[in-house]
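**Q** Quick one: sequence plus predicted model below, questions after.
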Amino acid sequence: MIIIEQSWEWIAKPVLPLQLIELAGRTCYKSEDKITAESARTFVKRLLASGHHSVIEHPVASVKFITDRGVSHEAVRHRLASYSQESTRYCNYGGSEIQFIRPVWADIPLGDPEKWWYQSDDAPIDHWINAMMEAEDAYKDLLRDGWRPEQARSVLPNSLKTEIVMSANLREWRHVFKLRCSKAAHPQIRELMLSCLAGFKAEIPILFDNLPEE
């Protein structure tokens, strides 16, 4: 078993998102003649302030999350996005050590826990490590007993590492960040989405500036 950190990365960044939004928005008002090299920022700011948010649905962004199955179950509830996820039906984890995502609230070292966990005096961490090890052992035992991966996966926990590509328009990304970065969100998905929001702010000006990062 291997413990890893959750993370995210860009798959496809939107191309000239502010310019696309401006062109789409000015089509509504037939004011395309007012487009200049510098006009997009001001125009998009006005759109956001006026609540004309349908126009920001035109640019699309795609990212890949490496996280746990529990977080992925929450992420796919955002129905205006598209998803492609690592399949526990077709992926066979019997030939290598299974990866689990570190809970953000637990001070657990990354890597192979067999090198340190028996020295721990933290009962909750010990219980979590034991549960992951037992799940890995049970999964591999079931494969050896003749079960297919789609059957043996029934013993795998929410902490199992998964990879999921998520694509959505920028309006939906704003909605996702508003919900999943709030203090009411589950801490695991909140940490992941706060990091992702910081990346969107750095890459795409204006559209995410008014969303808090903490």
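**A** Looks like it arrived, so ask away. Numbers count the residues shown, from 1 in each chain.
**Q** Give me the contacts around the longest helix belonging to the chain.
**A** In the chain, taking DSSP state H as the definition, the longest helix is helix 123-144. Helix 123-144 is touched from outside by 1, 3, 92-94, 97-98, 100, 103, 106-108, 113, 117, 120, 149, 151-153, 155-157, 159-160, with contacts defined as CB atoms under 8 Å, 6 or more residues apart in numbering. Heads up, the C-betas are built off the backbone N, CA and C, glycines and all.
**Q** Show me what counts as buried in whichever helix or strand comes after that helix.
**A** Moving toward the C-terminus from helix 123-144, the next helix or strand (DSSP states H and E) is helix 149-152. Of the residues in helix 149-152, those with enough neighbours to count as buried (16 or more other CB atoms under 10 Å) are 149, 152.
**Q** what's the offset of helix 149-152 from the middle of its chain?
**A** 25 Å (CA atoms, centre = their mean, to the nearest Å).
**Q** Write down the beta-bridge partners of the most centrally placed residue in the chain, one by one.
**A** Nearest to the mean C-alpha position of the chain, by CA atoms, centre = their mean, lies Phe65 at 4.2 Å. Taking DSSP bridges as the rule, Phe65 bridges to Trp8, Ile164.
**Q** give me every residue that touches it.
**A** Counted by CB under 8 Å, 6+ apart, Phe65 has contacts 6-8, 71-72, 75, 163-166, 192, 196.
**Q** again with Lys13
**A** 61, 203-204.
**Q** again with Leu48
**A** 56, 206-207, 210.
**Q** Next, give phi and psi for it.
**A** Dihedral pair for Leu48: phi -60, psi -40, per degrees, to the nearest 10.
**Q** ranges for the helices of the protein?
**A** 17-29, 39-50, 69-75, 123-144, 149-152, 170-180, 187-203.
**Q** Nearest approach to Gln85 belongs to which of those?
**A** helix 69-75 (6.2 Å; CB to CB).
**Q** I'd like the average pLDDT over that closest one.
**A** For helix 69-75, mean pLDDT is 97.
**Q** Please produce TSV containing the contacts of Lys13, extended by distance to Gln188, neighbour count and pLDDT.
**A** Shown next, in TSV, are the contacts of Lys13 (distance: CB to CB, whole Å; neighbours: other CB atoms under 10 Å; pLDDT from 0 to 100):
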residue	distance to Gln188	neighbour count	pLDDT
Ala61	22	22	98
Glu203	24	13	96
Ile204	25	18	95
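**Q** which one of those residues sits closest to Cys28?
**A** The closest of these, once distances to Cys28 are taken by CB to CB, is Ile204, at 21.5 Å.
**Q** these two touch, right, that closest one and Pro17?
**A** Yes: between Ile204 and Pro17 there is a contact under CB atoms under 8 Å: 5.7 Å.
**Q** who touches both of the two?
**A** Joint contacts of Ile204 and Pro17 (CB under 8 Å, 6+ apart) are Leu170.
**Q** And the residue nearest to the centre of the chain, how far from Lys161?
**A** From Phe65 over to Lys161 the distance is 11 Å, taken as CB to CB, to the nearest Å.
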